[in-house]
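Visitor: Predicted model follows, preceded by the sequence.
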Amino acid sequence: MATRTFRVWRGDKDGGKFVEYTVETQPGMVVLDGIHRIQAEHAGDLAVRWNCKAGKCGSCSMEINGKPRLSCMTRLNTFEPGETITVQPLKTFPLIKDLVTDVSWNYEQNKRIPPLKPRPREADGNHRMMQEDIERVQEFRKCIECFLCQDVCHVLRDHGKHDQFVGPRFMIRLAQLEMHPLDTEDRIPKIRKEFGSGWCNITRCCTEVCPEHIGITDNGIIPIKERVVDRYYDPIAWFFKKVFGGSKA
Amino acid sequence: MAGPDVSELQTFEHDVLVIGAGGAGLRAAIACAAQGKNTGLVCKSLLGKAHTVMAEGGMAAAMGNVDARDNWKVHFRDTMRGGKFLNNWRMAELHAKEAPERVRELEEWGAVFDRTKTGLISQRNFGGHRYPRLAHVGDRTGLELIRTLQDHGVHQGIHVHMECTILDLLKDGDRVVGAVGYWRETGRFVLFKAKAVVLATGGAGKAWRVTSNSWEYSGDGLAMAYIAGAELMDLEFTQFHPTGMVWPPSVRGTLVTEGVRGDGGILKNKEGKRFMFGYIPERFAPETADSEEEANRWLKGDKSARRPPELLTRDVVARAINAEVKAGRGSEHGGVYLDIASRLPAELIKKKLPSMYHQFKELAEVDITTDPMEVGPTLHYFMGGIRVDADSQMTTVPGLFAAGECAAGLHGANRLGGNSLSDLIVFGKRAGDGACEYADKQGAGQVDNEQVLSIIRRATEILNRESGANPFMVQEKLQEMMSHNVGIIRVKHELETAVEKLQELKKEAATAKAHATSQYNAGWHTALDLRNLLISSEAVTRAALMREESRGAHTRDDFPGERDEWLKYNIFIKRGQDGEMVVEKRERAPGPQGLVEIAYSKIEDLESGKVGAEVK
C-alpha cells in the first residue's frame, strides 16, 4: 500500500509548528482526503473547513506547497511520488486554528456593496435579456467565494490594505453588477473612493489562482477601472459637467 | 459537572430563529425580515456554502417559456406521478402554482438565468418533467440560487450566525421557544431565544458511504424535531440518484447532473447496449420513446416524438443501473457508462456542462467530450422528513416549522429532479411567513435552565470522559452498515440486521471520546453529529421494514411491485413515552377530487380540457 507524508501547520494565533503525518493512499486521492485520513487516524482535533468536496463550494482553500489551492481539487498524483506535501492556512486572513482562518472580513465587504436595482419588469411580467449580453456577467457569477484571489492579492497579502481595497473577489462582484443589463444603480463613485479600484496594479495573480478560471483582471477589474477613468479623467466629460452640471459623480 | 451558569451564557433573542442557511433557510429568513421581524439565521458552515450550492440541473417551474403547453397542472401531474401518488396533494398543488413567481423574484434579486432566443428565462428538460421546465444556469444552478439569496439577504437586516451548530431545541410546555448551540470556532455555548423556530437543515445522507451529500447532512433537524416531540413521516423513501461518480474511490458518490441526460446523454452497459429501453414501466410506456430513432427525434425537438427512457424518473433509472451491474454488464469499476461525447460537439458540452467537464477532468482524469463517464447510484436525497402543515409548514409541535429537504410531503415516494430547488423557495417562503404569523400571536416563552444545562452536559461529556470510541470510526461503521443493509434494494432480514446493528452503534456512539479542547475540533463535531445520524438512520430503517411493497425510491426485494393497499398509508415516526422509537402507518386523507382527476388523467385529456378545466 502506498503512503504519503504531509507536513501540516498546527497551531493558533498564539503560535504553532509544522507536524508530519503519514497516511495510506488510494488511487485518485486529493489533498483533502489525506487531511481527513489524518483526522481519523492521528489527530481528531485537526481543524479544516470543507463541504462539497467537488470544487463547487469554495470552503477548503489552503496553501499547498506554497500555492493557494482548493484542497479537494488537488490530486496527490500531481506531486512526485515520495514528495512531502506541505499544507498551511491562507496567509492573508487571521488564523483561527490549524488550516482554518477568519475570513469574516470578506463578508463585511459584500455587505457594503449596493445590491442590484433592476429596471421595472415588462408589461407581461417578464424581464428580457439576450444570452450574449449576460455571458460576461455569468462568468463572474461562477465565483465560488473560495477567497484564493483575496489571499494572493498583493494589496491585501503584502500591504494589508484591507481598509482601502475590497480585493479581486469584490471587484468582480461590482463588475458583475455594473455590467448587469437590468441594473439601474450607479456604483462608479464608490468603486473609486470606497472600494479602492485604483489600488489594483494588474499583476494578474488573482486570475492565476482562480479555480473557476474567471478572467478576474482582464474581464472584470480592467473594464471597471476604465469606467472609473472615463468618469473622472475624461476632459470632455469634465468640461460638460463644469458647464452644464451633471447628475452623475 | 454542573455546567456553566445559564445567566452568563451568550444569549440572542429573535422573533424567528432559522436553523440552516441553504436555499430554504435563506428564503425563510428573507420572508421573516420582509415582515420586519428580528430574524436570526444560524449555519454550520460559512454563509453560501450549504449543500444547495451542489445542485446542478435547475429549478422546476411551469413558466412555459420554452414549450407553451406547460402549466401548473402538468407540473402537478408530473410531480404526483413521479412521487407514485403518495405526495401531499396540497403541497404538490402549492408548489406547482407558486414556483414560477418565486423564480421570477430571484431574477429581481440578481439571479442571471440562461436565456431563450427571445430573451426569456430558458428552461431545460429533466427526468419526469413532460416539458422543458428547469430554469437553470449551465450546470451550476444551485450556486446561482444560494448566492442570489445570500447577496439579497445580507441587505435585509438578518442576523447571520456563521459556523454555529445547534445542539437541541428548547421547549416551554408543548411549544418550542429557542435552541442551544455552540460556536465551531471556540466551542463556546450559545443560547437562542425565539418566538418561533424554522428548521431548514436538509437530510441525513452522510449515514451512507456512497452519497452525494456533504458532512453537513447529518440529520440534525430530523433528530432535533424528533427529540422535541415532532412527528416524522415517509422516511423509507431515500432517493438514490442514478448517476454518481464511481471512480476514483475518493470521489465515489459525487453527483453527475441529470442535465447530462437532459441534454442528450445516454446510458450504456459494457456491451455498448443502450439498456434503458428494457426498463420502461408500464405507467410511463405511453409517454416514453420505444426506439432509439424516436428518442433521437425528440432530442432534435420533434414535438410528436416521445421522451427518451434515460429521462424516466430517478428511482427507475437507478434500479436499472443496479440491475445491469448485478447481471455482470457493468463498467470496469462497477457502474455503467454515461455517454455525452458521441451525442454533442465538444464545444457545446463544455458550454452546457462546464462543471461536469471540469469535475471529470480534474478528479477522474476523464475528458467527457471524448470519453464516456462511469456512473452508478448514490444516496442523494430524503423525500421523507418532518411532518408539516402544507400551507404554514408548521410541524406537529407548536412554534416549530420546517422547510426544504428536512420537511416531508411534497415529493411522496420519489422526487423529480429540479423539484428540490423550487421546493426550497416555495416552502422556504411559506415557512417564514408561517413562523411570522405564529410569532405575532405568541409572546416570548420561558426558557427552562435545566433543559439548557442538560444539552450542554451531553456535549461536554464527549470531551471530558477519559477514553472512548473514535467518533470517525463509529461514523465509518454506520456508513458501511447502512450502505450494506439499507441500500437501493432492501429485504426484510437485512433491515432487521440493521435495526440490531443500530442498537449496538448507539451504545458505541454514547461512549465516543474527542481529544484536546473544544476549539474547532473535528472529532468533537463528528461525535456530536452521531446522535442525529443514528436517529435518522433508525427512522429510515424502521419505516423501510414496515412498508411491505416497492414504491418509488423504496424497493423491497421480498415485496416487488406497488401494492394498492399501501397507497392508502403514510408511515409516521414519533418518540414514545419511554424514549423508544414508535412507528405506525396511518391512513391518508383522500385528495380533493379535482386534483385527483388531474393526477390520474391521460395527458391528452388534461391538455384538451376534458379533465381538470374547472380546477383553478
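Guide: All right, it came through fine.
Visitor: Quick one: neighbours of residue 102, just the number.
Guide: This is for chain A. By the criterion of other CB atoms under 10 Å in any protein chain shown, residue A:102 has 13 neighbours. C-betas here are computed from N, CA, C, even on glycine.
Visitor: think we crossed wires, I meant chain B
Guide: 20.
Visitor: three-state assignment of it?
Guide: helix (DSSP: H, G, I helix; E, B strand; the rest coil).
Visitor: tell me the contacts of it?
Guide: B:27, B:61, B:422, B:425-426, B:429 (CB atoms under 8 Å, 6 or more residues apart in numbering or on different chains).
Visitor: Mind telling me what element residue 190 is part of?
Guide: No chain was given, so I picked chain A. Assessed by DSSP states H and E, residue A:190 sits inside helix A:188-193.
Visitor: looking at chain B here, not the other one
Guide: Going by DSSP H and E, residue B:190 is in strand B:189-199.
Visitor: Tell me the first helix or strand C-terminal of that strand.
Guide: With secondary structure assigned by DSSP H and E, strand B:189-199 is succeeded by helix B:220-227.
Visitor: Give the rounded mean pLDDT of the helix holding residue A:190.
Guide: Average pLDDT, helix A:188-193: 96.
Visitor: for chain B, which helix is longest?
Guide: helix B:522-546 (DSSP state H).
Visitor: do that helix and chain A meet?
Guide: Yes: using CB under 8 Å from any CB of the partner chain, helix B:522-546 reaches chain A at B:522-524, B:526.
Visitor: what's the closest of these to chain A?
Guide: The shortest approach to chain A among the residues of helix B:522-546 next to chain A belongs to residue B:523, at 2.9 Å (CB to the nearest CB).
Visitor: residue contacts, the closest one?
Guide: So residue B:523 contacts A:39, A:44-45, B:470-472, B:514-516 (CB under 8 Å, 6+ apart).
Visitor: List just the nearest of those residues to residue A:214.
Guide: residue A:39 (31.3 Å; CB to CB).
Visitor: Report the next helix or strand after the host helix or strand of the closest one in sequence order.
Guide: Taking DSSP H and E as the criterion, the element that holds residue A:39 is helix A:31-41. Using DSSP H and E, the helix or strand that directly follows helix A:31-41 along the chain is strand A:61-64.
Visitor: quick one: average confidence on that next one?
Guide: The model assigns strand A:61-64 a mean pLDDT of 98.
Visitor: I'd like the C-alpha coordinates of stretch A:26-38 written as PDB, please.
Guide: Only the C-alpha atoms of stretch A:26-38 are listed here, as PDB (Å, rounded to 0.1, in the frame of the first residue of the first chain):
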ATOM      1  CA  GLN A  26      -5.700   5.200  -2.600                       C
ATOM      2  CA  PRO A  27      -5.900   5.900  -6.400                       C
ATOM      3  CA  GLY A  28      -7.400   9.300  -7.100                       C
ATOM      4  CA  MET A  29      -7.000  10.800  -3.700                       C
ATOM      5  CA  VAL A  30      -6.800  14.500  -3.200                       C
ATOM      6  CA  VAL A  31      -5.100  16.600  -0.500                       C
ATOM      7  CA  LEU A  32      -8.400  16.900   1.400                       C
ATOM      8  CA  ASP A  33      -8.700  13.100   1.500                       C
ATOM      9  CA  GLY A  34      -5.300  13.000   3.100                       C
ATOM     10  CA  ILE A  35      -6.300  15.500   5.700                       C
ATOM     11  CA  HIS A  36      -9.400  13.500   6.500                       C
ATOM     12  CA  ARG A  37      -7.300  10.400   7.000                       C
ATOM     13  CA  ILE A  38      -5.000  12.300   9.400                       C
END
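Visitor: What are the contacting residues of it?
Guide: A:4, A:6, A:8, A:21, A:23-25, A:46, A:48, A:50, A:53, A:60, A:62, A:64, A:69, A:71-77, A:85, A:87, A:99, B:247-251, B:363-364.
Visitor: Which of those residues fall in helices?
Guide: Under the assignment DSSP H, the contacts of stretch A:26-38 contribute residue B:363 to helices.
Visitor: nearest residue to residue B:509 other than its sequence neighbours?
Guide: Spatial nearest neighbour of residue B:509, excluding adjacent residues (CB to CB, 6 or more residues apart in numbering or on different chains): residue B:530 at 4.2 Å.
Visitor: Quick one: residues contacting that neighbour.
Guide: B:471, B:474-475, B:478, B:509, B:512.
Visitor: how about these in JSON lines, adding secondary structure and neighbour count?
Guide: Output for these, formatted as JSON lines (DSSP: H, G, I helix; E, B strand; the rest coil; neighbours: other CB atoms under 10 Å in any protein chain shown):
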{"residue": "B:471", "secondary structure": "helix", "neighbour count": "25"}
{"residue": "B:474", "secondary structure": "helix", "neighbour count": "23"}
{"residue": "B:475", "secondary structure": "helix", "neighbour count": "24"}
{"residue": "B:478", "secondary structure": "helix", "neighbour count": "24"}
{"residue": "B:509", "secondary structure": "helix", "neighbour count": "23"}
{"residue": "B:512", "secondary structure": "coil", "neighbour count": "24"}
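Visitor: in the sheet, who's paired with residue B:172?
Guide: residue B:175 (DSSP bridges).
Visitor: That one contacts residue B:445, doesn't it?
Guide: Yes: applying CB atoms under 8 Å as the test, residue B:172 and residue B:445 come out as touching, 3.6 Å apart.
Visitor: in the stretch 301-450 of chain B, what residue is nearest chain A?
Guide: Residue of the stretch 301-450 of chain B nearest chain A, by CB to the nearest CB: residue B:362 (5.3 Å).
Visitor: tell me the domain boundaries of chain B?
Guide: What automatic domain parsing lists as the domains of chain B is B:9-239+B:380-448, B:242-377, B:451-568.
Visitor: which residues are in contact with the helix or strand where residue A:17 lies?
Guide: Per DSSP H and E, residue A:17 falls inside strand A:15-24. Contact partners of strand A:15-24, identified using CB under 8 Å, 6+ apart, comprise A:1-11, A:34, A:37-38, A:41-43, A:84, A:86, A:88, A:98.
Visitor: From these, list the buried ones, please.
Guide: A:4, A:6, A:8-10, A:34, A:37-38, A:43, A:86, A:88, A:98 (16 or more other CB atoms under 10 Å in any protein chain shown).
Visitor: could I get those residues as TSV with distance to residue B:303 and pLDDT?
Guide: Formatted as TSV, the buried ones among the contacts of strand A:15-24 follow (distance: CB to CB, whole Å; pLDDT from 0 to 100):
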residue	distance to residue B:303	pLDDT
A:4	55	98
A:6	57	98
A:8	58	98
A:9	60	98
A:10	62	98
A:34	52	97
A:37	53	96
A:38	56	97
A:43	60	97
A:86	59	98
A:88	58	98
A:98	58	98
